[in-house]
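Colleague: fold the following, please.
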Amino acid sequence: MMTDPIADMLTRIRNAARVRKTKISLPSSRLKVRIAELLRDEGFLSSVSETTDGPRQLLELEVKYLPNGTQPVLHGVRRESKPGQRVYVSYTEIPRVQSGQGVAILSTSKGVITDRQARKQKVGGELICAVW
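Modeller: Numbers count the residues shown, from 1 in each chain. A predicted model of the protein is given here:
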């Protein structure tokens, strides 16, 4: 039984980028789909799609690489809030990832959004992860 499916998703993305694998397939959920869409919108993933394999819903991700094709755009991923220790921040305490080069993803009352959107809307919430 998996206790942290979000950490599993982030680890699969990180590992795929390290071994220069382009496509990843993992079990789907609404939260995972929203996180993947945010990563695609921020330029870390090329595409996000949902497929079915019998009764299972799968999330298919494609890791984005630099134009030379050797280096992934994604350099690092860190899970901030864990099942055993949740991390909540107000909009004034949202960290800047790599001096603004990366993105933090938060779960707020306005939905799952990036750190920039949360600061603009002045909402805080659970700090899910940081990506750079």
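
Colleague: low-confidence stretches in this structure?
Modeller: 1 (pLDDT under 70).

Colleague: doesn't Pro116 lie inside a helix?
Modeller: Residue 116: Arg, not Pro. Yes - assessed with DSSP: H, G, I helix; E, B strand; the rest coil, Arg116 lies in a helix.

Colleague: so how far is Arg34 from it?
Modeller: Distance of Arg116 to Arg34, given as Cβ to Cβ, to the nearest Å: 16 Å. Heads up, the C-betas are built off the backbone N, CA and C, glycines and all.

Colleague: got it, and Asp53?
Modeller: Taking Cβ to Cβ as the measure, Asp53 falls 21 Å from Arg34.

Colleague: those two: who's more crowded?
Modeller: Neighbour comparison, Asp53 and Arg34: the larger count goes to Arg34, with 17 against 9 (by other Cβ atoms under 10 Å).

Colleague: so the more buried one, which state does it fall into?
Modeller: helix.

Colleague: which SS state does the nearest residue to it once chain neighbours are set aside fall under?
Modeller: Closest residue in space to Arg34, ignoring its immediate chain neighbours: Val112 at 4.3 Å, by Cβ to Cβ, 6 or more residues apart in numbering. When classified by three-state DSSP, Val112 comes out as strand.

Colleague: so what's Val112 up against?
Modeller: Leu31, Arg34, Ile35, Leu38, Ile105, Leu106, Ile128 (Cβ atoms under 8 Å, 6 or more residues apart in numbering).

Colleague: how close does the second one get to Ile113?
Modeller: For Arg34, the distance to Ile113 equals 9 Å [Cβ to Cβ].

Colleague: where do the helices of the chain begin and end?
Modeller: Along the chain, counting by DSSP state H, helices occupy 5-18, 30-41, 115-121.

Colleague: show me the residue at the heart of this protein, geometrically.
Modeller: What sits nearest the mean C-alpha location of the chain, by Cα atoms, centre = their mean, is Ile35, with 4.5 Å.

Colleague: correct me, but that one touches Ile128?
Modeller: Yes - between Ile35 and Ile128 there is a contact under Cβ atoms under 8 Å: 6.9 Å.
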